[in-house]
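K.L.:
Model the following, please.
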Amino acid sequence: MLTAKLCHLGRSERDRRVAELLERFELVDAADKTPATYSGGMRRRLDLAMTLVGEPRIIFLDEPTTGLDPRSRHVMWDIVRSLVADGVTIFLTTQYLDEADELADRIALLDRCRIVAEGTAAQLKQRIPGGHVQLQFADRAGLDAAASRLAVATRDDEALTLQVPSDGGVHSLRALLNHLDESIEIETLSICTPDLDDVFFALTGQANLEGAV
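P.N.:
The predicted structure follows:
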């Protein structure tokens, strides 16, 4: 209500907007309580609700999920996605690179206050090696047959698997499957690509995350 007054909204518009935001952020039952009694997740939702009173088109969120439990964290993710779907531009800073991977259209990796890389999540992951396709077979015969056709594969006789270097793309996957005889039965296939943590460590040479935007 205070934020609505600071935005110079008229009384009817103020009441409508406050009621709408309390409903949207599931704070109706807590509307008559002081924020000091709120959980961490409720406080984050209140912060964002106050931000949206003036219907901004650009929002800066500074580590909005730090300290939240997994459920509250995913609720905040859903809120961010819904804002983006409504056409809002969001600049989000986070220590959690899986969060950046989930939410961001473009990512800038920071190391000691310096941007060391930027691009989409897919573009960043392609900057380092390590991607592979893992094939698992039902028996040793299938493993041997596939290994004889895939000279670059790394085999694990105990797990009955082959790891084949790959960027995980559709074309390379199709080429891999076409290279195997149809009589070779693959039980499971998994595509493994580097994550953004791997990218950060490879680009900075350290395991101490300063942040991502």
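
K.L.:
what comes into contact with stretch 5-15?
P.N.:
Met1, Ala4, Arg17, Val53, Gly54 (CB atoms under 8 Å, 6 or more residues apart in numbering). (Each C-beta comes from the backbone N, C-alpha and C, glycine too.)

K.L.:
The closest residue to the first one other than its chain neighbours sits in which helix or strand?
P.N.:
Translated: Met1. Among residues not flanking Met1 along the chain, Val18 sits closest, at 5.5 Å (CB to CB, 6 or more residues apart in numbering). In this assignment (DSSP states H and E), Val18 forms part of helix 11-24.

K.L.:
now that helix: mean pLDDT?
P.N.:
Averaged across helix 11-24, the pLDDT comes to 94.

K.L.:
buried sites along it?
P.N.:
For helix 11-24, burial by neighbour count (16 or more other CB atoms under 10 Å) applies to Arg14, Arg17, Val18, Leu21, Leu22.

K.L.:
Columns distance to Ser190 on top of those, output as a markdown table?
P.N.:
Shown next, in a markdown table, are the buried residues of helix 11-24 (distance: CB to CB, whole Å):
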| residue | distance to Ser190 |
| --- | --- |
| Arg14 | 54 |
| Arg17 | 48 |
| Val18 | 49 |
| Leu21 | 43 |
| Leu22 | 44 |
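
K.L.:
Those: which two are farthest apart?
P.N.:
Arg14 and Leu22 (12.5 Å; CB to CB).

K.L.:
what sits against the closest residue in space to Ile128 that isn't next to it in sequence?
P.N.:
Among residues not flanking Ile128 along the chain, Ala202 sits closest, at 4.4 Å (CB to CB, 6+ apart). Taking CB under 8 Å, 6+ apart as the criterion, Ala202 is in contact with Arg127, Ile128, Pro194.

K.L.:
same question, Asp198
P.N.:
Lys125, Ile128, Gly130.

K.L.:
Redo these as TSV? Include neighbour count and pLDDT.
P.N.:
TSV is the format used below for these (neighbours: other CB atoms under 10 Å; pLDDT from 0 to 100):
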residue	neighbour count	pLDDT
Lys125	20	87
Ile128	15	81
Gly130	13	72
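
K.L.:
which one among the residues you listed gets closest to Ile59?
P.N.:
Lys125 (26.6 Å).

K.L.:
model confidence over the top helix by length along the chain, on average?
P.N.:
For the chain, the longest helix by residue count, based on DSSP state H, is helix 70-85. Average pLDDT, helix 70-85: 92.

K.L.:
Quick one: name whatever helix or strand follows the helix or strand hosting Ile115.
P.N.:
Using DSSP H and E, Ile115 sits within strand 114-119. Sequence order places helix 121-125 as the next helix or strand after strand 114-119, per DSSP H and E.
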